[in-house]
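1. Only the shape, not the letters, is given here:
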Ligand SMILES: [Zn+2]
């Protein structure tokens, strides 16, 4: 499964074994690794939030330290979220499809709204130019992840 033109293999073509091999050499944060198009192509910021929520994994989990069960959940979530996205044709042009796209989302772009699974409030972590959303109850055993922007505002 060598990548073409520097891109990683297409997410929808990966078996769970392929996914395990791709993550095995990578000690980065899971969210960063699965959205790196050089590692896996086809997973953007929005769908990575959804995939991690479905898989009940922390965005900050270490990519190469997943258990076999977690890897299986990640793979199942990746296939189901992306297949669903393709079938609803909401993969491209996020701006024009925002309404429909958002209605099908569980956590992405839903900061402050209730998690559709457990009812906890969806939280956000911001970086310099990006942010992501997650549910602490579903994904991090209730642990609130550090949000640098929030801590700066509180000072
Ligand atoms: Zn939840």
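-> Looks like it arrived, so ask away. On a predicted model such as this, the values are computed, not experimentally measured, just so you know.
2. which stretches of the chain have low pLDDT?
-> When residues are selected by pLDDT under 70, those of the chain lie in 1-4, 88-103, 148-155.
3. in it, which helix has the most residues?
-> Determined from DSSP state H, the single longest helix within the chain is helix 68-87.
4. and it, which residues are buried?
-> 70, 71, 73, 74, 75, 77, 78, 79, 81, 82, 85 (16 or more other CB atoms under 10 Å). In this view, the C-beta of every residue, glycine as well, is placed from N, C-alpha and C.
5. same deal with stretch 20-28?
-> Of the residues in stretch 20-28, 20, 22, 23, 26 count as buried by neighbour count, 16+ other CB under 10 Å.
6. Now do the same contact list for the most centrally placed residue in the chain.
-> The centroid of the chain falls nearest to residue 48 when counting by CA atoms, centre = their mean (2.2 Å). Contact analysis of residue 48 by CB atoms under 8 Å, 6 or more residues apart in numbering lists 31, 34, 35, 59, 132.
7. name the element it belongs to?
-> Assigned by DSSP states H and E, residue 48 belongs to helix 45-55.
8. Help me confirm that residue 25 comes into contact with residue 64.
-> Yes. Residue 25 lies in contact with residue 64 (CB atoms under 8 Å); the separation is 6.8 Å.
9. The closest residue to the residue nearest to the centre of the chain other than its chain neighbours - how many residues pack around it?
-> Excluding its sequence neighbours, the residue lying closest to residue 48 (CB to CB, 6 or more residues apart in numbering) is residue 35, at 4.8 Å. Close neighbours of residue 35, defined as other CB atoms under 10 Å, add up to 21.
10. What of the one 4 residues further on?
-> Residue 39: 21 surrounding residues under other CB under 10 Å.
11. One more: the one 3 residues further on?
-> Residue 42 is flanked by 21 other residues according to other CB under 10 Å.
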